[in-house]
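Novice: Kindly return the folded structure for what I paste below:
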Amino acid sequence: MGILKVNGLKKAFGIDELFHDVNFEVRGGDKVGLVGANGAGKTTLMKILMGQEEADGGSVQLDPAETIGYVQQQADFGEGTLYDEFRRAFDDIIELGERKRSLEKRIAAGEEELLDTYGKVVERFEQLNGYEFDSRIKKVAYGLGFTDDDFQKNVEHFSGGQKTRICLAKALLREPDFLFLDEPTNHLDIGMIEWLEGFLRTYRGGVLIISHDRYFLDKVATRMVELENHTVTSYEGNYTYFMRVKTARREALKSAYEKQQEHIKKTEEYIRKYKAGIKSKQARGRQSQLNRLERIVLPPEAASFNYFAFHKPPECAQRVAELEEVTFGYGSEPVFKDLSLLIRNGDGVALVGPNGAGKTTLLKVLVGELEAAKGRIKIGSRVKIGYFSQQHETLHMDMTVLDEIIYTYGVDEEQARRYLGAFLFHGDEVLRKIGDLSGGEQSRVAFLKLMLTGANFLILDEPTNHLDIPAREAVEEALMAYPGTFLAVSHDRYFLDKVANCTLELDNGMLTEYSGNYSYYLMKKEAEREAEEEARLEAEAAKHAEKKAAKPAAVEQQDAAEKAAAKERAEAGKIQSMSDAKRTEMIQRAEAEIAMAEAELKGLEFQMNQPEVQADPAESQRIAEEYAAKEAEIEERYAKWERLAASE
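Specialist: Prediction:
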């Protein structure tokens, strides 16, 4: 396994320097998280490493034989079905297979001089696992939640989250030596993110990940590289360890800065006191020392959002919002049915569930944007709702950021700048028009406006989408200081862990409450899964015991042995009558069938581990039986392969 070495890279656009003196390595097995604020140059750096952009200086060293798989933020597909898109990842292998078959026909027709060429083609085909590429497609596709039916759909008809998974699958199909992932968790639901975490932790190659998903980086990263102040700093460990070390370094730097400032102050006092007197020579010497002193510069402190210390939202009823047997659907199909829910004053509620479960729909029903088909929704006395939607409808695109705050809330410029600074808008940035801001910057303005409305019940739909890590931390700080009530839908598990004290799971039209943050919810779900698995194993054991008792073991074994022997004799006769070429073809086909069956087994394993399957005993039992049958099928296919191989 090779090493990717980055030495002294620098890049600028005109007079604006993006980064300089960038040095780090990615080795086989490394899982490196690349973090930094939006605009710091992370994606540009990644593209330089792949040779898609030119650096202004420095070098990237990588053996030409090493391969890189890349998952970019924006999907770019050709035409055709999903299966066509996946097959494009194997164009070279498919072409090699066609050449192999052509040579086989020519050799069979008498062109024996091609045997040497044929041997080399076969060797290369086998090196590339040519017999297994179709099963490789199925294995990765099943793992990422695609089905056999999906293979025949046009790629343009998939959702944003599905397209992200397609990009990811294409990068994983060839098992490259290095994987470069640019925001791989965007549009993925939590179940898919957890699958990806497990996959990457065991990936044999080197992985470089740009991500704002701190929980994901905690689970996957073994090393962090931070792009800040136009250069990089490396830290061993995951995201939490990186932040602990960075904070300790900052505190040490602050302490050194304060000591240096005290030294400078005393030295300047000495110089002022003695510069014209008998000790003027010593004063000049100290001035020279001071001039040569390398000054410690502190990075700017993040502003804090302390608005609520002075402007608490109004008090309201203890029962903030209630749903009683609420049902909503589109047409005849309900999204959810008979949901009941109580949100109390002071609650910080996280709403989680897979994509398509109806989380955003539930929020819209709660704020009155959608009307429930049945049931009752009650908002408590003196409750004022503030709603954060992903579309930011409340922003005035032709206003500057500063004017948006001043004219909406009647505050002076100094106060407006203080609030904006807490959400990372500094200096002339507040004079930019909102329509010219990025999606993440608009989200920051929209969230700040929401906090300034005086609402005592915030309903938040993906408030951290498009935000970089510093902006997410600003939102977290604001919510943790907020004395009201909130309900938040988010895929940002780190965010939910910090701000929520209650977690609601919406899945299969049902709502389940867990009295804790996201980590507590995971712990309880794992305990539920273990209990269900134990019950399933006990049921299987009981069923097996019943079958065994119903038929004497000796009779059962004799029947099975006779059937197996008869089948083997019949197959042996067929094998002996085959030509050598036919037998070779049958061996290759058997190997491909084994690989495909093993991929299907992996798909069943993925389905068995899904929470919705484990929550359904009948479905869990059905898949468990399919899994056992598939294992038996694989054993049978291996036996067939051994008989074919032994006859050569």
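Novice: Does the most centrally placed residue in the chain lie in a helix or a strand, and which?
Specialist: Among the residues of the chain, Thr185 comes closest to the average C-alpha position under CA atoms, centre = their mean, at 2.6 Å. When elements are assigned from DSSP states H and E, Thr185 belongs to no helix and no strand.
Novice: List the contacts of it.
Specialist: Ile193, Leu196, Ser211, Asp213, Phe216, His491 (CB atoms under 8 Å, 6 or more residues apart in numbering). C-beta: built from backbone N, CA, C; applies to glycine.
Novice: Tell me, how many residues neighbour the second one?
Specialist: If I follow you right, that is Leu196. 22 (other CB atoms under 10 Å).
Novice: For it, give its distance to Tyr83.
Specialist: 21 Å (CB to CB, to the nearest Å).
Novice: Could you do the fifth one as well?
Specialist: Plainly put, Phe216 is 29 Å away from Tyr83 if you go by CB to CB.
Novice: From the neighbour counts alone, determine which of those two ranks first.
Specialist: Neighbour tally, Phe216 and Tyr83, criterion other CB under 10 Å: the higher count belongs to Phe216, 26 against 18.
Novice: any weak-confidence spans in the stretch 401-550 of the chain?
Specialist: Scanning the stretch 401-550 of the chain for pLDDT under 70 picks out 548, 550.
Novice: Tell me which stretches of it form helices.
Specialist: Per DSSP state H, counting those that start in this stretch, the stretch 401-550 of the chain carries helices over the ranges 401-409, 413-422, 439-451, 469-481, 493-499, 518-550.
Novice: List the buried residues for stretch 82-90?
Specialist: Neighbour-count burial for stretch 82-90 flags Leu82, Tyr83, Glu85, Phe86, Arg87, Ala89, Phe90 (criterion: 16 or more other CB atoms under 10 Å).
Novice: When you compare pLDDT across those residues, which one is lowest?
Specialist: Among these, Ala89 has the lowest pLDDT, at 84.
Novice: Can you name the residues that contact the nearest residue to it once chain neighbours are set aside?
Specialist: Counting by CB to CB, 6 or more residues apart in numbering, the nearest residue to Ala89 once its immediate chain neighbours are dropped is Leu173, at 4.4 Å. Applying CB under 8 Å, 6+ apart, we find Leu173 in contact with Phe86, Ala89, Phe90, Phe133, Arg136, Ile137, Val140.
Novice: Just the element for the first one, please.
Specialist: In this assignment (DSSP H and E), Phe86 forms part of helix 82-87.
Novice: Extract the C-alpha trace of that helix and format it as PDB.
Specialist: This file holds the C-alpha atoms of helix 82-87, laid out as PDB (Å, rounded to 0.1, in the frame of the first residue of the first chain):
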ATOM      1  CA  LEU A  82     -28.500   2.700 -12.400                       C
ATOM      2  CA  TYR A  83     -27.000  -0.600 -13.400                       C
ATOM      3  CA  ASP A  84     -25.500   1.000 -16.500                       C
ATOM      4  CA  GLU A  85     -24.000   3.700 -14.300                       C
ATOM      5  CA  PHE A  86     -22.400   1.200 -12.000                       C
ATOM      6  CA  ARG A  87     -21.100  -0.900 -15.000                       C
END
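Novice: Was I right to think Tyr514 contacts Tyr521?
Specialist: Yes. The pair Tyr514 / Tyr521 is scored as a contact, 4.4 Å apart, by CB atoms under 8 Å.
Novice: Compare these two (neighbour count), which wins?
Specialist: Tyr521 (24 against 19).
Novice: how much space between the more buried one and His311?
Specialist: In terms of CB to CB, Tyr521 sits 32 Å off from His311.
Novice: Any chance you could list residues touching both of Tyr514 and Tyr521?
Specialist: Thr503, Glu505.
Novice: pretty sure Ser59 belongs to a strand, no?
Specialist: Yes. Assigned with DSSP: H, G, I helix; E, B strand; the rest coil, Ser59 falls within a strand.
Novice: For it, name its beta-bridge partners.
Specialist: Ser59 has these beta-bridge partners by DSSP bridges: Asn7.
Novice: what's the next secondary structure element after the helix holding Phe86?
Specialist: Counting by DSSP H and E, the element after helix 82-87 in chain order, helix or strand, is helix 91-108.
Novice: got the buried residues for that next one?
Specialist: Buried residues in helix 91-108 (16+ other CB under 10 Å): Ile93, Leu96, Gly97, Lys100, Leu103, Glu104, Ile107.
Novice: Find the pair from the residues you listed with maximum spatial separation.
Specialist: For the buried residues of helix 91-108, the farthest-apart pair by CB to CB is Ile93 and Ile107; their separation is 20.8 Å.
Novice: Show me the shaky parts of the stretch 51-200 of the chain.
Specialist: For the stretch 51-200 of the chain (pLDDT under 70), the answer is 74-75.
Novice: show me where it has strands.
Specialist: For the stretch 51-200 of the chain, strands defined by DSSP state E, counting those that start in this stretch occupy the ranges 57-61, 68-71, 178-182.
Novice: longest helix anywhere in the protein?
Specialist: Ranked by residue count under DSSP state H, the longest helix found in the chain is helix 239-274.
Novice: residue ranges of the helices in the stretch 201-350 of the chain, please?
Specialist: Counting by DSSP H, counting those that start in this stretch, the helices of the stretch 201-350 of the chain are 214-220, 239-274, 280-292.
Novice: Now do the last one: which elements does it pack against?
Specialist: With contacts taken as 3 or more CB pairs under 8 Å, 6 or more residues apart in numbering; DSSP states H and E, helix 280-292 sits against helix 239-274.
Novice: what helices or strands is the helix it packs on leaning on?
Specialist: strand 31-35, helix 214-220, strand 223-228, strand 231-236, helix 280-292.
Novice: how does it look with 10 Å?
Specialist: strand 31-35, helix 214-220, strand 223-228, strand 231-236, helix 280-292, helix 469-481 (3 or more CB pairs under 10 Å, 6 or more residues apart in numbering; DSSP states H and E).
Novice: Any stretches of the stretch 201-350 of the chain with poor pLDDT?
Specialist: 302-307, 309-310.
Novice: for the helices of the stretch 201-350 of the chain, which one ends up most surrounded?
Specialist: Highest mean neighbour count of the helices of the stretch 201-350 of the chain: helix 214-220, a mean of 23 (counted as mean count of other CB atoms under 10 Å).
Novice: Settle this for me: Glu625 is touching Arg536, isn't it.
Specialist: No. When contacts are counted by CB atoms under 10 Å, Glu625 is not listed as touching Arg536 (11.1 Å).
Novice: Compare those two and say which is more crowded by neighbours.
Specialist: Arg536 (16 against 12).
Novice: Could you give the number of residues near Phe133?
Specialist: Neighbour tally, Phe133, other CB under 10 Å: 20.
Novice: same question, the one 4 residues further on
Specialist: Residues near Ile137, counting by other CB under 10 Å, number 24.
Novice: what's near enough to touch the closest residue to it other than its chain neighbours?
Specialist: In space, and not counting its chain neighbours, Ile137 is closest to Phe86: 4.7 Å by CB to CB, 6+ apart. Listed by CB atoms under 10 Å, 6 or more residues apart in numbering, the contact set of Phe86 reads 133-134, 136-138, 140-141, 146, 151, 155, 166, 169-170, 173.
Novice: contacts for stretch 264-283?
Specialist: So stretch 264-283 is contacted by Arg284, Gly285, Arg286, Gln287, Gln289, Leu290, Leu293, Arg295 (CB under 10 Å, 6+ apart).
Novice: just the CA coordinates of it, formatted as PDB?
Specialist: Only the C-alpha atoms of stretch 264-283 are listed here, as PDB (Å, rounded to 0.1, in the frame of the first residue of the first chain):
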ATOM      1  CA  ILE A 264       6.500  44.000  27.200                       C
ATOM      2  CA  LYS A 265       4.600  46.300  29.600                       C
ATOM      3  CA  LYS A 266       7.400  46.100  32.200                       C
ATOM      4  CA  THR A 267      10.100  46.600  29.600                       C
ATOM      5  CA  GLU A 268       8.300  49.600  28.100                       C
ATOM      6  CA  GLU A 269       7.900  51.100  31.600                       C
ATOM      7  CA  TYR A 270      11.700  50.700  32.200                       C
ATOM      8  CA  ILE A 271      12.500  52.300  28.800                       C
ATOM      9  CA  ARG A 272      10.200  55.300  29.500                       C
ATOM     10  CA  LYS A 273      11.700  55.700  33.000                       C
ATOM     11  CA  TYR A 274      15.400  55.500  32.100                       C
ATOM     12  CA  LYS A 275      15.600  56.500  28.400                       C
ATOM     13  CA  ALA A 276      17.000  60.000  29.200                       C
ATOM     14  CA  GLY A 277      18.900  59.300  32.500                       C
ATOM     15  CA  ILE A 278      22.000  57.500  33.600                       C
ATOM     16  CA  LYS A 279      20.600  54.200  32.500                       C
ATOM     17  CA  SER A 280      19.800  55.300  29.000                       C
ATOM     18  CA  LYS A 281      22.300  52.800  27.500                       C
ATOM     19  CA  GLN A 282      20.500  50.000  29.200                       C
ATOM     20  CA  ALA A 283      17.100  51.400  28.100                       C
END
